[in-house]
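Engineer: curious how this folds, go ahead:
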Amino acid sequence: MAWIYLLLAAAANMAANTLLRQAAQGVKGREGPVDIALGLIGQPVFWLALASAGALLLAFTMALRTPPVSLAYPVVTALAIAGLLV
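Structural biologist: Numbering: from 1, shown residues only. Model (predicted):
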């Protein structure tokens, strides 16, 4: 079961990174952290990115019940990187 959670964590990681990239593109030209934060809050893609990050944390936490972090973290990271490169 841990492997399923690791795969879900990797998929959520890819989604969060892709969506955050899209959200960052939407605040180009804004200056200062407050202006950028206000710009992000108004974007639905930003909220999807946050939901994906939450799913990542939940899936990774569930996966860590069995394998050690020294195995789980590289697996999730490698799968996410490979998925983003494809």
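
Engineer: contacts, neighbours, all on C-alpha from now
Structural biologist: OK.

Engineer: mind listing what residue 56 touches?
Structural biologist: Residue 56 makes contact with 8-13, according to CA atoms under 8 Å, 6 or more residues apart in numbering.

Engineer: return the member of those nearest to residue 51.
Structural biologist: residue 12 (8.9 Å; CA to CA).

Engineer: let me see the confidence value for the closest one.
Structural biologist: Per-residue confidence at residue 12 stands at 97 (pLDDT).

Engineer: what about it, which helix or strand?
Structural biologist: Here residue 12 sits within helix 2-25, counting by DSSP states H and E.

Engineer: buried ones in that helix?
Structural biologist: Buried residues in helix 2-25, counted by 16 or more other CA atoms under 10 Å: 2, 5-20, 23-24.

Engineer: following it, which helix or strand comes up?
Structural biologist: Defined by DSSP H and E, the subsequent element after helix 2-25 is helix 33-41.

Engineer: how far does that next one sit from its chain's centre?
Structural biologist: 19 Å (CA atoms, centre = their mean, to the nearest Å).

Engineer: angle of it against helix 2-25?
Structural biologist: 120 degrees (axes from the mean of the first three to the mean of the last three CA atoms, to 10 degrees).
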